[in-house]
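Q: Model the structure of this input:
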Amino acid sequence: MSIVEKIKDIEKEIARTQINKATMSHLCQLRARLAKLRTTLLEPPKGASAAGDGFDVEKVGDARVALIGFPSVGKSTILNTFTTTKSEAAAY
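A: Here you go, the predicted structure:
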């Protein structure tokens, strides 16, 4: 069984496992094993320069980010650059 197949199997098991207090330990162990497999997938084999198989990272959940700083330092500019939103800068 290749590393990519192991990753797919663990992702399937995570998807079908219910999330509750009793299964959190199991899910954390699966996520740790998944992270370890992905890092071994990214590392080139020792003594070889061949590239490994890649993997996709799935976007999951919502997030909030706060940009804090002095006026006129580029907070709106960086927000417009990183996202598709159009925030207007105040006229100070």
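Q: biggest helix in this protein by residues?
A: Longest helix in the chain by number of residues, with DSSP state H as the criterion: helix 24-42.
Q: Output that helix in CSV, but only the C-alpha positions, please.
A: The C-alpha coordinates for helix 24-42 follow below in CSV (Å, rounded to 0.1, in the frame of the first residue of the first chain):
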residue,chain,number,x,y,z
MET,A,24,-12.0,13.1,19.7
SER,A,25,-9.0,11.1,20.8
HIS,A,26,-9.4,8.7,17.8
LEU,A,27,-9.8,11.6,15.4
CYS,A,28,-6.7,13.4,16.8
GLN,A,29,-4.6,10.2,16.4
LEU,A,30,-5.9,9.9,12.8
ARG,A,31,-5.0,13.6,12.1
ALA,A,32,-1.5,13.1,13.6
ARG,A,33,-0.9,10.0,11.5
LEU,A,34,-2.2,11.9,8.4
ALA,A,35,0.1,14.8,9.1
LYS,A,36,3.1,12.4,9.5
LEU,A,37,2.3,10.7,6.2
ARG,A,38,1.9,14.0,4.4
THR,A,39,5.3,15.2,5.6
THR,A,40,6.9,11.9,4.5
LEU,A,41,5.2,12.4,1.2
LEU,A,42,6.7,15.9,0.8
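Q: which secondary structure elements does it contact?
A: Packing contacts for helix 24-42, counted by 3 or more CB pairs under 8 Å, 6 or more residues apart in numbering; DSSP states H and E, involve helix 3-16. For glycine as for every other residue, the C-beta is placed from the backbone atoms N, C-alpha and C.
Q: Flag every buried residue along the helix it packs on.
A: 7, 10 (16 or more other CB atoms under 10 Å).
Q: before we move on, the earlier item: would you pull up how far the helix or strand that the longest helix of the chain is followed by lies from the middle of the chain?
A: Per DSSP states H and E, the first helix or strand lying C-terminal to helix 24-42 is helix 75-82. Its chain's C-alpha centre and that of helix 75-82 lie 21 Å apart, by CA atoms, centre = their mean, to the nearest Å.
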